[in-house]
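Student: fold the following for me, if possible:
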Amino acid sequence: MFDKLSDRLERITDRLKSRGRINEADLNEALAEIRSALLEADVELGVTTTLLQGVREQCADLERSKSLSPGQQVVKAVHEQLRAALGGDSFKISYASRPPTVVLLAGLQGVGKTTTAAKLARWFKEQGRNPLLVAVDLQRPAAVEQLRVLGEQISVPVFSDPSSPTEATRLGLEEAKRLGRDVVIIDTAGRLAIDEALMDEVNAISVTSKPDYSFLVVDAMSGQDAAHSAKLFHDRLNIDGVIMTKLDGDARGGAALSVKSVVGRPIVFGSTGEKLDEFDLFHPDRMADRILGMGDILSLIEQAERQMDSAVAERSAARLLSGEFTLDDFLAQLQQVRKMGSLGGLMRLMPGVTREMRDAANGIDDGQINRVEAVVKSMTAGERNDPNSIDGSRRTRIAKGSGTSVQEVNQLLKQFKEMQKMMKSMSSGGMPSIPGLGGGIGGALRARKALAGAEGTDLASLQEMMGQKSLPTAAQPRKTQPGKKKKKGGRVTPPKQR
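Tutor: Okay, here's the model as predicted:
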């Protein structure tokens, strides 16, 4: 969703970080470029002006911080203003002292409200709650049936009554108490446009249900219109927050960056796909990291913990630590990664990944991964355990069995051998050491724990924790090769042959 804005801001901040000193003219030029980037992303004009003013005020005294260069301070200021525009801190859900906790969903027709109701019910189940879905959308044909089908997929009961929306709401609350359900999610009707009848109906349902939370569901693809629709709903309904759908689309991001400032209410949840599990709390700080190309390691960890089979991961880790890594392990890891989504999406969450690497990962489709899987599965157990035993005739047989070419089999085996060498190096401590945490697999695991506990940590503190005075940069300087003398002035010449 933020791809174009992210690319523009990443290029601007890269230039700023490379400069040791920034004068007023440099700052004005950078702010002008950031303004253009935000307006192109369909961010509301007033929000853009406020954001840039905040960056300028934070950069007024560039000598305040001794740990960051002036260029990095500008990047930090942009990061903090983006985080503020997106809502500041993550929303915290609290529950009613006397159940059930009532959540009312409102929004226009076509924004994905019914699917969002099911996604939200699934999220509450993951928190250990027992939700009940109440369908009061009696306007749209088959809306109640749609919610029932979605409810069956997540094993959550759905209640409805054909008499009227307010009566269905009242009876639904009674049903929740009778069943001992501690969360009630009410799916209301929508319209193609905001009208008085819609507002009156939603307001009547709100009066009947007395919700603990009123969330407005908006489509991220609608740009600034989403923020203005949210304001109209808020004026009548006094919403508590916004649920943003289609965050995985190619929208320019203006809705997400504008809604908090226009409405005064934060984005609470974000939907990142059509599947019912592609839904979670919205974290403004993590989204700001992604927009500036800094990755989102915490979301990556959480996604892995939700999607990956812990037994498979532990078994693979044990084999890795012992220095073993076979094609069976490779296939198991490939299948685990596929559960987490596209490689391009995963690359976007990894810090330090360049735009070129993300573009290359986006170019890898499921068809290519399926071919790799077919090649490995066409091998015998002995061949997967010992790829060195695969001679020419066996490669021909594997290619025919997998519907690929011998060249593709050769390429896979070559890449696997390189990966195997890297894994053996990592298991023996060859992984680069992390300041304060050590090297090898142990250092990586300690880094993971440190990052997992760093939520809410600001950029400078996180870098200080990792032992960095600046953001990760390019490769280390070359070492002088043995047998060569380094002359004064830095030139390296080979020894004279005698």
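Student: return the helix or strand in the protein with minimum mean pLDDT.
Tutor: helix 459-465 (a mean of 41; mean pLDDT, DSSP states H and E).
Student: would you map the strands across the protein?
Tutor: Along the chain, counting by DSSP state E, strands occupy 101-106, 131-135, 158-160, 183-187, 213-219, 241-245, 267-271, 279-281, 485-486, 492-493.
Student: as CSV, those with mean pLDDT and mean neighbour count would be great.
Tutor: (C-beta placed from N, C-alpha, C; glycine too.) Converted to CSV, those look like this (pLDDT from 0 to 100; neighbours: other C-beta atoms under 10 Å):
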stretch, mean pLDDT, mean neighbour count
strand 101-106, 94, 24
strand 131-135, 95, 27
strand 158-160, 94, 23
strand 183-187, 95, 28
strand 213-219, 90, 25
strand 241-245, 88, 26
strand 267-271, 88, 24
strand 279-281, 87, 18
strand 485-486, 46, 10
strand 492-493, 51, 10
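Student: check contacts around H228.
Tutor: Contact partners of H228, counting by C-beta atoms under 8 Å, 6 or more residues apart in numbering, are V262.
Student: next one: A374
Tutor: Counted by C-beta under 8 Å, 6+ apart, A374 has contacts S402, G403, T404.
Student: follow-up on the earlier one: what's the closest of the strands of the chain to D391?
Tutor: strand 492-493 (44.4 Å; C-beta to C-beta).
Student: what's near enough to touch the closest residue to A230 other than its chain neighbours?
Tutor: Spatial nearest neighbour of A230, excluding adjacent residues (C-beta to C-beta, 6 or more residues apart in numbering): V263 at 4.6 Å. Taking C-beta under 8 Å, 6+ apart as the criterion, V263 is in contact with A227, A230, K231, H234, I239, V242.
Student: most neighbours among those, please name it.
Tutor: In terms of neighbour count, V242 stands highest of the contacts of V263 at 29 neighbours, by other C-beta atoms under 10 Å.
Student: roughly how far apart are it and A288?
Tutor: 17 Å (C-beta to C-beta, to the nearest Å).
Student: check contacts around the residue lying closest to M379 once chain neighbours are set aside.
Tutor: Of all residues not flanking M379 in the chain, I398 sits nearest, at 5.7 Å (C-beta to C-beta, 6+ apart). Residues counted as contacts of I398 (C-beta under 8 Å, 6+ apart) are V375, S378, M379, E383, I390, V409.
Student: try it again with 7 Å
Tutor: V375, S378, M379, V409 (C-beta atoms under 7 Å, 6 or more residues apart in numbering).
Student: what is the nearest of the residues you listed to A121?
Tutor: Among those, and counting by C-beta to C-beta, the member closest to A121 is V375, at 41.0 Å.
Student: count residues in the vicinity of the closest residue to that closest one other than its chain neighbours, would you?
Tutor: Residue nearest to V375 in three dimensions, not counting chain neighbours: S402, with 4.6 Å by C-beta to C-beta, 6+ apart. S402 has 21 neighbours, counted by other C-beta under 10 Å.
Student: repeat that for A30.
Tutor: Residues near A30, counting by other C-beta under 10 Å: 22.
Student: check E145 too.
Tutor: 12.
Student: give me the pLDDT value at it.
Tutor: We have a pLDDT of 93 for E145.
Student: let's test this: mean pLDDT of the helix ranked longest in the chain, rounded?
Tutor: Counting residues, the longest helix found in the chain (DSSP state H) is helix 406-427. Average pLDDT, helix 406-427: 78.
Student: next one: stretch 9-17
Tutor: Here the average pLDDT along stretch 9-17 is 72.
Student: give the buried residues for that stretch.
Tutor: L9, E10, I12, T13, L16, K17 (16 or more other C-beta atoms under 10 Å).
Student: will you turn those into CSV that also has distance to D280?
Tutor: As requested, the buried residues of stretch 9-17 are exported to CSV (distance: C-beta to C-beta, whole Å):
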residue, distance to D280
L9, 24
E10, 24
I12, 29
T13, 27
L16, 32
K17, 30
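Student: among the residues you listed, which ones are in helices?
Tutor: Using DSSP H, the buried residues of stretch 9-17 in helices are L9, E10, I12, T13, L16, K17.
Student: alright, that wraps it up for me.
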